[in-house]
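Enquirer: Here's a sequence, model it:
(chains A and B)
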Amino acid sequence: MLTLHYIEKKIQLTLPQIQIMHQTIRVRFAPSPTGALHIGGVRTALFNYLLAKKHNGTFILRIEDTDQNRFVPGAEDYIIEALAWCGLHFDEGPMQGGPYGPYRQSERKHMYAQFADQLIQKGHAYYAFDTAESLEQKREEWKLKFDHSATYNALTRMEMKNSLTMSEAEVNEALLTESYTVRLKMPASEDVRFTDIIRGEVTFNTSELDDKIILKGDGMPTYHLANVVDDYLMKISHVIRGEEWLSSTAHHVLLYRFLGWEQVMPQFAHLPLILKPDGKGKLSKRDGVKLGMPVFPLSWEDPNPEDSFIGFREAGFDPDALINFLAFLGWNPGTEQEIFSMDELIQAFDLSHVSKSGARFDFDKIKWFNQQYLKNQTGEELAEKVASSIKSAGWNPSENYLAAVCFLLRDRIIVYPDIVRDGVYFFTEDFPKDTDTFKKKWNPEHKDAILGLADLIGKWETNDSTDLEHAVKDYIANSGLGLGQVLPMLRIAIAGTLKGPDLFQTMMLIGLQKCKARIQKLIDESSLLPA
RNA sequence: GGCCCGUUCGUCUAUCGGUAGGACAGCGGCCUCUCAAGCCGUAAAGGCGGGUUCGAUUCCCGCACGGGUCACCA
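Expert: As a prediction, this is how the structure comes out:
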């Protein structure tokens, strides 16, 4: 008994994996070009990409632009650029084409009607001529009659204006003169069961489901039809999408069944949602500005400033860090490794390690990931990334110098622009000075000793910062002062602030002559300050 | 409200019935001219109630709570 149960369980566990191994994996990321692609979409794309790459499969981009009202110019370019920045490259898509194109649903418009017809022929769909007003009115009625569960379904469709309630002549007449939609005819009461890779078996009863519109008044399909038809025609093997789609999956399963495609229906995997930091609802566009953090990969400029958003790229994040962070939102490798390159993610990824519950977006965590990525780069690598912002700040350091600065700063930055913010004194004499602290620490009696130190620094010749360090420390000891009385002064003179990298390395980099001048200058200024 | 999905430290998570582990954030320490980084340490969790079992975080049922969804949007 016990062993039987055990074996049964083992078989259940290994079956999906075997299927994946021996099947050609074809997955698609299918965004709607209605604006900037937010971070949840990027994660969906990532998981699709990882599964495809892990099994030598194909990763497809399909643009779902069936809603002409919501079409936003530039959105498709944004999506493509954003995913490219993240290192997610498509094998088939609108840019590069492929054997199953076109890859924009608007360009596939002519392909959908025949399947809607097929459904009508078989009695699984029907024409509906209801106007928006009559629908709204009916919905109000149903709300009272059925206690909130108001839908266009088996219970109500016979009181509506559609090809089920009209004579053939009336229908033919209306087809020519009126705007119409095609609705899927749901069975009155039937359990629709499917297996979700992440959630296991899920069941819906058709009595709870409505007669979804599959073809709109303008001749365009809705998501439901377009999605099923395209996934079939494009031979998609796995549908990996957000959990918000779970409740309409029964409609999709029925569509596959009615179209005779159930045997080749893709496997479903519904990803847990990315939630707002407070956990109340899924993360949305506006949460970024509200909480002062990006939720988009790239900045998005909209004519309406309210709809313009800053991106992770512009905020100074590294795409590899973003990807690493996103991979861990709802997935884990089952080991204690946390830092993963894209190749390592591909190796380690497995749908069975995707969690079921929603994950809150944690800004602190992505900052930590980014910091890890920055401090593992060489000075040269960092320099390359910040060179343009250094230039636009008006500074023109040599490549070597910039790289050396980046190297010194690299352990204390979270995002790339921190180098510009924290490194001002490496590039110009015009850097902010914390004079308040200086005043607190300044003791006029030490003036001569410090001027003497400046003198020594200016004259010192060495290539070794520890050599300088010894000289300075010896001088301080000999003058009878403590390190704590002198070094903070020096730091403010040279860097303007009490924090920063090793003082002696900093001085060596800036140049000892310049440092001497900075010390003298600060002391001159301090004699002008009120005591 | 109906239906569906979920529920382990504040947060992200490990644990596939047998001492609840890691990471972020927090706190403390070491290091140090400072700030970081790093290292060490500390505090912190199985929603509730029933069952099944020698044993339940893990399996089952109920409840509670949270989320999703109920458009000619995807």
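Enquirer: going forward, measure contacts between C-alpha atoms and count neighbours the same way
Expert: Noted.
Enquirer: Give me every residue in the stretch 251-400 of chain A lying close to RNA strand B.
Expert: Proximity of the stretch 251-400 of chain A to RNA strand B (Cα under 7 Å from any atom of the strand) is limited to residues A:273, A:279-282, A:328-332, A:334-336, A:338, A:353-362, A:364-365, A:368, A:372.
Enquirer: List buried residues within the residues you listed.
Expert: Among these, those that count as buried by neighbour count (16 or more other Cα atoms under 10 Å) are A:273, A:282, A:328-332, A:354-355, A:358-361, A:372.
Enquirer: So chain A: which segments form each domain?
Expert: A:19-96+A:227-272, A:114-214, A:285-371, A:377-427, A:435-528 (automatic domain parsing).
Enquirer: how distant is the third one from the center of its chain?
Expert: Which is domain A:285-371. 5 Å (Cα atoms, centre = their mean, to the nearest Å).
Enquirer: give the contact list for A:Ile213.
Expert: Counting by Cα atoms under 8 Å, 6 or more residues apart in numbering, A:Ile213 touches A:Thr181, A:Val182, A:Arg183, A:Leu184, A:Thr222.
Enquirer: Between those residues, which sits nearest A:Glu92?
Expert: A:Glu92 has its nearest neighbour among the contacts of A:Ile213 in A:Thr222, at 22.7 Å by Cα to Cα.
Enquirer: what ranges do the helices span in the stretch 51-200 of chain A?
Expert: For the stretch 51-200 of chain A, the helices defined by DSSP state H, counting those that start in this stretch occupy A:75-85, A:113-121, A:132-145, A:168-177.
Enquirer: Just the buried residues from the contacts of A:Ile213, in PyMOL please.
Expert: Buried subset of the contacts of A:Ile213, written as a PyMOL selection, criterion 16+ other Cα under 10 Å:
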select buried, chain A and resi 181+182+183+184+222
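Enquirer: At the contact with RNA strand B, which residues of the stretch 401-531 of chain A appear?
Expert: A:411-413, A:483-484, A:487-488, A:491, A:498-504.
Enquirer: at 6 Å what do you get?
Expert: With the criterion set to Cα under 6 Å from any atom of the strand, the stretch 401-531 of chain A comes near RNA strand B through A:411-412, A:483-484, A:487-488, A:498-504.
Enquirer: rewinding a little: in helices, which of the residues of the stretch 251-400 of chain A next to RNA strand B fall?
Expert: Under the assignment DSSP state H, these contribute A:Asp364, A:Lys365, A:Trp368, A:Gln372 to helices.
Enquirer: residues in contact with the second one?
Expert: Contact partners of A:Lys365, counting by Cα under 8 Å, 6+ apart, are A:Phe325.
Enquirer: now do 7 Å
Expert: Neighbouring residues of A:Lys365 by Cα atoms under 7 Å, 6 or more residues apart in numbering: there are none.
Enquirer: Kindly report the same for the last one.
Expert: Residues in contact with A:Gln372 (Cα under 7 Å, 6+ apart): none are found.
Enquirer: for the helices of the stretch 51-200 of chain A, which one ends up most surrounded?
Expert: Mean neighbour count (mean count of other Cα atoms under 10 Å) peaks for helix A:75-85 among the helices of the stretch 51-200 of chain A, with a mean of 18.
Enquirer: And for A:Gly123, the neighbour number?
Expert: If you count neighbours by other Cα atoms under 10 Å, A:Gly123 ends up with 13.
Enquirer: quick one: what helix or strand has the closest residue to A:Phe361 other than its chain neighbours in it?
Expert: Spatial nearest neighbour of A:Phe361, excluding adjacent residues (Cα to Cα, 6 or more residues apart in numbering): A:Pro277 at 5.1 Å. A:Pro277 belongs to no helix or strand when assigned by DSSP states H and E.
Enquirer: What segments of the stretch 251-400 of chain A are strands?
Expert: Secondary structure of the stretch 251-400 of chain A (DSSP state E, counting those that start in this stretch): strands located at A:267-271, A:274-275, A:359-360.
Enquirer: what does the last one rub up against?
Expert: Think strand A:359-360. Applying Cα under 7 Å, 6+ apart, the set of residues contacting strand A:359-360 is A:Leu273, A:Ile274, A:Leu275, A:Lys276, A:Pro277, A:Gly279, A:Leu329, A:Gly330.
Enquirer: quick one: the nearest residue to A:Asn332 once chain neighbours are set aside from A:Glu243, how far?
Expert: Nearest residue to A:Asn332 in three dimensions, chain neighbours excluded: A:His353, at 6.0 Å (Cα to Cα, 6+ apart). Separation of A:His353 from A:Glu243 (Cα to Cα, to the nearest Å): 16 Å.
Enquirer: before we move on, what about A:His470?
Expert: A:His470 is 63 Å from A:Glu243, by Cα to Cα.
Enquirer: Would you mind listing the buried residues in stretch A:191-210?
Expert: A:Phe194, A:Asp196, A:Ile197, A:Ile198, A:Arg199, A:Phe204, A:Thr206, A:Ser207, A:Leu209, A:Asp210.
Enquirer: Can you list phi and psi of the fifth one for me?
Expert: Which is A:Arg199. Dihedral pair for A:Arg199: phi -100, psi -10, per degrees, to the nearest 10.
Enquirer: mind putting the strands of the stretch 251-400 of chain A in a markdown table, mean pLDDT included?
Expert: Shown next, in a markdown table, are the strands of the stretch 251-400 of chain A (pLDDT from 0 to 100):
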| stretch | mean pLDDT |
| --- | --- |
| strand A:267-271 | 98 |
| strand A:274-275 | 96 |
| strand A:359-360 | 96 |
